[in-house]
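1. Turn this into a model:
(chains A and B)
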2 protein chains.
Amino acid sequence: MSNALNSIFKARSVAIVGASKDPSKRGNQAIRKLRADGYEGRIFPINPKETEILGIGAYPSILAVRERIDVVLICTPARTLPSILEQCGQKNVPGAVILAAGFSEIGAEGEAIAQATLEAARKNNVRVIGPNTNGVFNLQNKMNMVGVQDVEPGNIGICSQSGNMMLAFVTEAKRRGGVGFSSYVGVGNQLDVTLAEYLEYFGEDNDTKASVFYVEGFQDGRAFLDTCRHVTQKKPVVVYKSGRTEAGQVAASSHTGSLASSFDLTRHLLRQAGATVVEQSDKILSIAEGLSKLTVPKGGRVAILADGGGHATITVDALVDAGVELAELSTGTVAKLNNVLPTAASCVNPVDVAGGTDDDPSVSAQCAEIILADDNVDILMIIGMYGGFAERFNPALLDNEIETSQRLAELPEKYGKPLIVQSVYNTVRPKPIEVLKEAGVPVFVWPEPAVRCISELIDYARARTRNALSPLIVPDGPTEQGKAILSGVIGEGRDAFYEHEAKDLLVQYGVSVPPQMLATCEADLKQVPVDLGNGPMAMKIVSQDILHKSDAGGVRLKISGEDELRSAYKDILANARGHDPEADLRGVLVAPMADSGVEVIIGVVHDAMFGPVMMFGLGGIFVEVLKDVSFRALPMSRADAESMIDDIQSSKILEGVRGALPVDKTALVDLMMKISQLALAHPEIREIDLNPVILRHDGYAVVDARMILNSKGQ
Amino acid sequence: MSNALNSIFKARSVAIVGASKDPSKRGNQAIRKLRADGYEGRIFPINPKETEILGIGAYPSILAVRERIDVVLICTPARTLPSILEQCGQKNVPGAVILAAGFSEIGAEGEAIAQATLEAARKNNVRVIGPNTNGVFNLQNKMNMVGVQDVEPGNIGICSQSGNMMLAFVTEAKRRGGVGFSSYVGVGNQLDVTLAEYLEYFGEDNDTKASVFYVEGFQDGRAFLDTCRHVTQKKPVVVYKSGRTEAGQVAASSHTGSLASSFDLTRHLLRQAGATVVEQSDKILSIAEGLSKLTVPKGGRVAILADGGGHATITVDALVDAGVELAELSTGTVAKLNNVLPTAASCVNPVDVAGGTDDDPSVSAQCAEIILADDNVDILMIIGMYGGFAERFNPALLDNEIETSQRLAELPEKYGKPLIVQSVYNTVRPKPIEVLKEAGVPVFVWPEPAVRCISELIDYARARTRNALSPLIVPDGPTEQGKAILSGVIGEGRDAFYEHEAKDLLVQYGVSVPPQMLATCEADLKQVPVDLGNGPMAMKIVSQDILHKSDAGGVRLKISGEDELRSAYKDILANARGHDPEADLRGVLVAPMADSGVEVIIGVVHDAMFGPVMMFGLGGIFVEVLKDVSFRALPMSRADAESMIDDIQSSKILEGVRGALPVDKTALVDLMMKISQLALAHPEIREIDLNPVILRHDGYAVVDARMILNSKGQ
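-> Numbering: from 1, shown residues only, chains lettered A, B, ... in the order given. As a prediction, the model looks like this:
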């Protein structure tokens, strides 16, 4: 794959199919644009009716070109595509960029053309970008196939399902300065090359330091997650998923033909794979800029060097809001700063120079270096008015300030720690700030975007470490007994497991399940004290026809002694029979009442886009009303399971509230990993629902378990 | 007050005390700045050693000036102030702007100078801005006493505790275009004029359409709230409170001498008073711009007119995230749009023109007018690429596009509905967009800031209506019986009410309290079935020395029958005695067990900054762990109480979950209003805590009530 995309993005020769002498046609504009941007490869206009276009010799067909063609840009209508791709195959052209629209989005006829085009591409070994793309550019290759002017070169790769978004990024970058792009691809209808493949390309492209994905829908979400997990070990991946809200999904599906999953699920899975998920489009560029430039920190403790209280306070507020830790400077650092700064200065974090740099900007670099040398500091933010000394105080300070910028720019590499700058003066882009930007130091006008970059950088560093150190746990396969339990369910033609079957299967994968007994006649109840003891019991109807056991009067709790057991047994059966006279009643499940604790839900679903996914949340209103749940794709690592617990907003409740002891998190993580193993070993089970699991200080009790097969075990 | 501030901001003559020939001195820069910005009033340099400064005749003292002086700008050190203010008094100068620092922030000596300065100001009837301010400007008066260049004129007033923040706004406005300022005041140490007074000035100033307050600490929060409630009836007030987080508060208190209250409380109280509270500094300017320009809508239903799917989808996502309602276009509107737009267009909301404006931009105005005429639409957003037609398609479209902008700009007034535009092309500021901006239509580059403006505008409109229609409810005064109950507590030298006293006081203000009985000996228990019935009872120790009754074994629940009552009575007294042998035990309170329902907490505290404040939240973990509570300043309106309930994140639980009926919200609001009356009638009660109140479908039960007096009823 990567070779074909490399050939396209780094093409040394481009054929323009549908090249034209008419300046209003895309087949004319494309040639002009390539030349205007200084493309140094060969350009072959293809048009059977012309011998020359814009001064370049034209060819009647691709086959007529003698030289190698790396990519064809196809500007002709949809119906022409299969035969053009046939020719590409004959000529061994590795890639085609198809602009034409009019495919699946226009209905059955378009769908047929799309199919024929895809078949031709596959048969002829041509990788297709689009159709319905506005093109690609690669600035290092000076190859611009998109009708957009003066793109700032830089290190951000963009992959977008909306051409307008690319235009928005490009114009915003031009206004801001200091940020630019390596490559762009408009993915169009994704007929052939997938988002995962573009991501792999950006991962391997040395000119790309971070990539941005504007995604309306994932067509193969699982492949994207897998690739993302690898690529983020090397460089950051920023994802904006549009059509997140229900209303939004309508707008997205009218725009493309993609499916949209629940956004919470998508966000959690992308983060699990190391991606940086941005939910506001106006933040994408600044976050990508920060991540593409900043040194990845070893920890998350942030120091602030400020020249003015207002912005320092705002920065601290924003850091605390984002959950970022403020560094505590060592006494040695405080002493050194005290030596350099005036008495009025604050030499603890946030450091406020209190005018101590006004006469000599180089003191800023001196302070920055003192702070960065401190082992208690992982990240430095310079906050306030840096770069405005000459403007504010004395024009003669400019040289000093430029030298200071050069010195500052060397510090991240010297200390292996990121440095970010916020300055009010960035609006007017004075030379000392431009020097910083050119040297790769991100500079922002307001504190909040800088803080957001730092917060995302810390998250990225943590995800990278987590994914590098904590391996995905994959089972060897299903156990023999597990297969036997499934065969039993399938053999009876059922979708749903009986509760005792589900619990038996859990036991096969090492889950500890409370003792239980299936009573199929009153006489069985005699065995209860022998097998389950004399404590109070829970009794539940067992029937594939009764889904909501409580509603059917099929549950009795806190039942003690033989008389109560017998009477409850009879009641449950009578209620169930009354609820549904046709129901197949298999008996009554008896189990000791669980001790009280914190109720949680652990479930597994098979998402259409992302495959098997575990869900975790607190039981009752937390799931039902507040929808406070977290998701992870399976297989997952232990670290994933741990982070999944911390991800819910009500996770504090697990620490023990109102005098309760904290729950046993190790046991909870063990349980989650075992359920993951079960789900992966038996992909025929489409849904698992342990609800509730009661967590205690010393373990857990799976109180109820539900499993559903994927349409009769297929 | 207002007259003095008017004299300062609209001064026709300025005396510069400490005027200087030295260009590096503030007393020289100030004169140059005033002249550079075209100040048309008189300037009187005051310096006993000079006869002329910068070509203007100098005076040895204020008293030597014959003409009227509206304001003095004092550039001399702190110690000179009392005598200068003395002279101001003799000369009837209404206001002084004091730049000098070195007051309370430097300790005892500075504090003494500050006191002397304040006394001189009060005695001489001079209103003081500062000290430690960087000055004021009023662009309509061409009066700029601040060392900042080229300020964009406009309609936003700024009041800031940080001069750097003003600089940040001014530079950002210059970069953005289309937004500017009426006046600025740096409040410095707020020795005399308060934030509330500046707010009142902005409220009355016709050149100010919206004001921005950057606040590190409120010195008189209650006055600010009261003024804000009035001013927001006329124009929006945007407040950024810095030092919100604990760490941030440290930074703020080292910067000024102000106290900082809990930010959640501050935010809720400011919103109650109609203010727009912004929590990110980089959003302040765009929100103020939007609010200063947009027509106040009658409802909150938003329509989108887009030329491109990507940005429309982002806008819908952002609107839904912000809880804003999407308008449903009437069938008539859809039909009219269908007539104007091509077949591929989407004529429901979000409307997508699908290229239907590419050849003729005026179609945009036509569609906008069709949508705005729809009674189902309150607000219109134009989204995508507006203003880029000439740039993108054909330069010949420019005139059409400019005319279209002129037409669009007339629509808000014509239909009485706000119009906001988001365009990628705003980065390059083409003429059609500049026309919109000049005509007062806000234009943003990205959808999210536009959505944020709309969302804040809707909130502002709602708060304005709420405060206009729902009056603050103030009690006539304490009831006689209420006074008697307080006298009882005070008479015994206690701070804390006994529970039965607190409940008796609640009854005085119309709160329905479950029947209860204070048993002071076992024999009293005989009366329980007579007075309280035969249901299960709750029994609680009554002692001022036992705060945590449960921990002391002082609570027994679900007690039935005389034997159980007697045994529980003895146990409670024995436990209490065991817990604290010295405790003064008054007896045992007996009350019927409350029916189950939703537990909530209602409390009243006296905030140091804002005075009496009510708190509301769900009981248990929601308050203790999730800290999900809302606040309102007292007195409040019924609408305040209603919104207070909706403000908590877990308010859905009150709607009835897991089959429960919704709670009786009317009864809850009644209860809150009655507690408010009680708190206002008895300001000596510094804390009221009803925890829990159990809400049911058909009313409420106050299960426990605690009240604490303000140090022995003073």
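2. contacts, neighbours, all on C-alpha from now
-> OK.
3. what's next to stretch A:684-696, contact-wise?
-> A:594-606, A:619, A:662-664, A:668, A:679, A:700-710, A:713-714 (Cα atoms under 8 Å, 6 or more residues apart in numbering or on different chains).
4. should've said stretch A:426-434
-> Stretch A:426-434 is contacted by residues A:178, A:386-388, A:398, A:401-402, A:404-405, A:443-445, B:171-172, B:175 when judged by Cα under 8 Å, 6+ apart.
5. Among those residues, which one has the most neighbours?
-> Using other Cα atoms under 10 Å in any protein chain shown as the neighbour criterion, residue A:443 leads the contacts of stretch A:426-434 with 32 neighbours.
6. nearest spatial neighbour of that one, skipping sequence neighbours?
-> residue A:421 (4.7 Å; Cα to Cα, 6 or more residues apart in numbering or on different chains).
7. do the same with residue A:164
-> Going by Cα to Cα, 6+ apart, residue A:164 has residue B:310 as its nearest residue, at 6.7 Å.
8. list the contacts for that neighbour?
-> A:162, A:164-165, A:242, A:252.
9. Do you know the pLDDT at it?
-> For residue B:310, the model assigns a pLDDT of 87.
10. sec struct for it, please.
-> Following DSSP: H, G, I helix; E, B strand; the rest coil, we place residue B:310 in the helix state.
11. most centrally placed residue in chain A?
-> Against the mean C-alpha coordinate of chain A, by Cα atoms, centre = their mean, the closest residue is residue A:270 at 2.0 Å.
12. Quick check: which element contains it?
-> helix A:263-272 (DSSP states H and E).
13. Residue A:575 now?
-> Residue A:575 is part of helix A:561-579 when elements are defined by DSSP H and E.
14. tell me which residues of that helix are tucked away?
-> Buried residues in helix A:561-579, counted by 16 or more other Cα atoms under 10 Å in any protein chain shown: A:565-566, A:568-569, A:571-573, A:575-577.
15. In JSON lines: the residues you listed, plus distance to chain B.
-> JSON lines is the format used below for the buried residues of helix A:561-579 (distance: Cα to the nearest Cα, whole Å):
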{"residue": "A:565", "distance to chain B": "26"}
{"residue": "A:566", "distance to chain B": "29"}
{"residue": "A:568", "distance to chain B": "24"}
{"residue": "A:569", "distance to chain B": "26"}
{"residue": "A:571", "distance to chain B": "23"}
{"residue": "A:572", "distance to chain B": "22"}
{"residue": "A:573", "distance to chain B": "24"}
{"residue": "A:575", "distance to chain B": "20"}
{"residue": "A:576", "distance to chain B": "21"}
{"residue": "A:577", "distance to chain B": "24"}
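16. Let's have those in TSV, adding pLDDT and distance to residue A:136.
-> Shown next, in TSV, are the buried residues of helix A:561-579 (pLDDT from 0 to 100; distance: Cα to Cα, whole Å):
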residue	pLDDT	distance to residue A:136
A:565	94	73
A:566	94	75
A:568	94	71
A:569	95	70
A:571	94	71
A:572	94	67
A:573	93	68
A:575	93	67
A:576	93	64
A:577	92	66
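17. Name the nearest of the residues you listed relative to residue A:134.
-> residue A:576 (62.2 Å; Cα to Cα).
18. one step back: which of the contacts of stretch A:684-696 are buried? Put it as a PyMOL command.
-> Restricted to buried positions by 16+ other Cα under 10 Å, the PyMOL selection for the contacts of stretch A:684-696 reads:
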select buried, chain A and resi 594+597+598+599+600+601+602+603+604+605+606+619+662+663+664+668+679+700+701+702+703+704+705+706+707+708+709+713
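19. got a list of what residue A:117 touches?
-> Residue A:117 touches A:81-82, A:85, counting by Cα under 8 Å, 6+ apart.
20. do that again at 7 Å, thanks
-> The neighbourhood of residue A:117, defined by Cα atoms under 7 Å, 6 or more residues apart in numbering or on different chains, consists of A:81-82.
21. ok, now the one 10 residues further on?
-> The neighbourhood of residue A:127, defined by Cα under 7 Å, 6+ apart, consists of A:4, A:94-96, A:121, A:192-193.
22. Residue A:623 now?
-> A:617, A:629 are the contacts of residue A:623 under Cα under 7 Å, 6+ apart.
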